[in-house]
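S.K.: this is a predicted model, with the sequence first.
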Amino acid sequence: KEAHERALKEAYELPVQTNKIKNWPKGPGTYGDAGIVMDADSGAILYAKNIDKHEYPASITKVLTALLAFQYGDMTSRVTISEEALSCLGSGYASIGLKPGNEITLEQAVYAMLLASANETAYAVGENIAESQGHEYDWFIEQMNEKCASLGGNNSNFINTNGVFDENHYTCARDMALIGKALFEYPMFFQICQTQQYTIPESDTVEEHIFQQKHRMLLQDNEDYYEYAIGGKTGYTTEAENTLITLADNGEKRLICVVLRTYGGHPYSDTKALLDYGFDNFHKVFIQENDVEEDYRRIDSGAYVMLPEKVEFEKLEREIVFHEDGTDDATVTYFYKDMPVGTCEVTVSGNYYNRERAAEKELEMKEKAEQKSKKEAAEKAKEKKKEKEERYKAVAAIGVAGILAVCAAIAGVVTNISRKRKEKRRRR
């Protein structure tokens, strides 16, 4: 008990990075190692606590598996439960009790994965999608990592579809929030998450299975119910502690909250406090009405940044990245004190495009020159080290030769003295 209380205290006292930003509203403490609140439409980060720190995700891994199932899958396709799918089930791991050879639809498998957190169906989903694309299970794992990276996630490494513990299977709060942001494109995710109970009916290929939603903030009769919660996933392993991803919509804002390595019974109370903080302390500032850049020929009229009351649009910095298609379209990301607060799609004037491209090329050439210079310096240092080692070897060789010569001379003297003594004895 004392160790648990100490862990709670230490987690609560961990720094919240956004609380150190000038004029940013102070966010709540949490009983976990990491947490984030992100606006789903602008990508603005409203709350940040160790959001890039590697943590074990446990079963919230399954929302990424679901994302790929929605992207690639045919929900009416048949999924066969393999021996491999059941091999991941250790003691205490979630399952709905499927058996080898059972057949269900991909839709039923995804329901079981997201509601009951069934590990065998998560594995089977990966197998099914990979097979439908002409690949093996490992291809699906590669797609998980590629998808995360394509969304901007740079601190994750997924090696399974269900979150079963492995020290090489990790993520971070920011990456999981980006995955949650992408799920807003798929209404079926929310349809599944808002289902309180689901039944896989008995058939020739499977017994009847009935299971319920486990995310308490989505259960209307539960004390942890949160009226704005519309989707999410729970997770727990001994190594990961509690993990939770929650998507919420109050009619004005759509937010994602992720808490990782949360202790005791606090994932829901922490998530509620963080979502309330996000809904209560920030408002939309439309970019088209505030960005006075004359070289923008077009600005996405619906794009906005999410700001607290004490931060003005004029205080923001921006970063422009042109699309790889070579056109004059670009994505502008706005920052306040290095914290992203929104993005916008723009089309720039020809002059601006040419200037920026020229600046990019100049910077690229400068970076290449610096890399070349560093490489040459490293090679020179290597050569000097080699020359130095060769000199040491030469000196050592000379030293050894000198020692051997001295030893030989001494031996000669000793031999000569010995010979003379013998001659004296003979003369006597």
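M.R.: That came through, no problem. Numbering: from 1, shown residues only.
S.K.: next, give phi and psi for residue 283.
M.R.: The phi and psi torsions at residue 283 (degrees, to the nearest 10) take the values phi -140, psi 160.
S.K.: which residues touch it?
M.R.: 306-309 (CB atoms under 8 Å, 6 or more residues apart in numbering). To be clear about C-beta, it is placed using only N, CA and C from the backbone, and glycine gets the same treatment.
S.K.: would you list the buried entries among these?
M.R.: 306-308 (16 or more other CB atoms under 10 Å).
S.K.: buried stuff in stretch 236-256?
M.R.: 236-237, 240-249, 253-256.
S.K.: what do you get for stretch 295-306?
M.R.: 296, 299-300, 303-306.
S.K.: can you lay out those residues as CSV showing secondary structure?
M.R.: Output for these, formatted as CSV (DSSP: H, G, I helix; E, B strand; the rest coil):
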residue, secondary structure
296, strand
299, strand
300, coil
303, coil
304, strand
305, strand
306, strand
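S.K.: want to throw the residues you listed into JSON lines with distance to residue 194 and pLDDT?
M.R.: Output for these, formatted as JSON lines (distance: CB to CB, whole Å; pLDDT from 0 to 100):
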{"residue": "296", "distance to residue 194": "40", "pLDDT": "89"}
{"residue": "299", "distance to residue 194": "35", "pLDDT": "91"}
{"residue": "300", "distance to residue 194": "30", "pLDDT": "91"}
{"residue": "303", "distance to residue 194": "29", "pLDDT": "96"}
{"residue": "304", "distance to residue 194": "27", "pLDDT": "97"}
{"residue": "305", "distance to residue 194": "30", "pLDDT": "98"}
{"residue": "306", "distance to residue 194": "25", "pLDDT": "98"}
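S.K.: just the residues you listed now: which is nearest residue 101?
M.R.: Relative to residue 101, the closest of those is residue 306; by CB to CB it sits at 50.2 Å.
S.K.: surely that closest one meets residue 342?
M.R.: Yes - contact criterion CB atoms under 8 Å: residue 306 and residue 342 qualify, at 6.0 Å.
S.K.: touching both of these two, which residues are there?
M.R.: In contact with both residue 306 and residue 342: 39, 42, 44, using CB under 8 Å, 6+ apart.
S.K.: and these, which is closest to residue 86?
M.R.: For these, the nearest to residue 86 is residue 39 (40.1 Å; CB to CB).
S.K.: mind listing what the closest residue to that closest one other than its chain neighbours touches?
M.R.: Nearest residue to residue 39, sequence neighbours excluded (CB to CB, 6 or more residues apart in numbering): residue 306, at 4.7 Å. Contact analysis of residue 306 by CB under 8 Å, 6+ apart lists 39, 42, 44, 46, 253, 282-285, 341-342.
S.K.: distance of residue 306 from residue 292?
M.R.: Per CB to CB, to the nearest Å, residue 306 is found 20 Å from residue 292.
S.K.: I'd like the contacts of residue 306 as TSV, with secondary structure and distance to residue 320 appended.
M.R.: Listed next are these as TSV, based on DSSP: H, G, I helix; E, B strand; the rest coil; distance: CB to CB, whole Å:
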residue	secondary structure	distance to residue 320
39	strand	20
42	coil	16
44	coil	17
46	strand	23
253	coil	26
282	coil	24
283	strand	24
284	strand	21
285	strand	18
341	strand	15
342	strand	13
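S.K.: and the residues you listed, which is closest to residue 273?
M.R.: residue 46 (12.7 Å).
S.K.: from residue 257, how far off is the closest one?
M.R.: Distance, residue 46 to residue 257, using CB to CB: 10 Å.
S.K.: looking at those two now, which is surrounded by more residues?
M.R.: residue 257 (31 against 28; other CB atoms under 10 Å).
S.K.: packing partners for the one helix or strand the more buried one maps to?
M.R.: Following DSSP states H and E, one finds residue 257 within strand 254-262. Applying 3 or more CB pairs under 8 Å, 6 or more residues apart in numbering; DSSP states H and E, one finds that strand 254-262 contacts strand 32-39, helix 173-183, strand 241-249, helix 267-281.
S.K.: gap between the first one and the chain center?
M.R.: Think strand 32-39. Offset of strand 32-39 from its chain centre (CA atoms, centre = their mean, to the nearest Å): 13 Å.
S.K.: what inclination does that strand have with respect to helix 267-281?
M.R.: If you take axes from the mean of the first three to the mean of the last three CA atoms, to 10 degrees, strand 32-39 sits at 40 degrees to helix 267-281.
S.K.: can you pull out the helices in the stretch 1-150 of the chain?
M.R.: Counting by DSSP state H, counting those that start in this stretch, the stretch 1-150 of the chain has these helices, from start to end: 2-12, 62-72, 83-87, 106-115, 119-132, 137-150.
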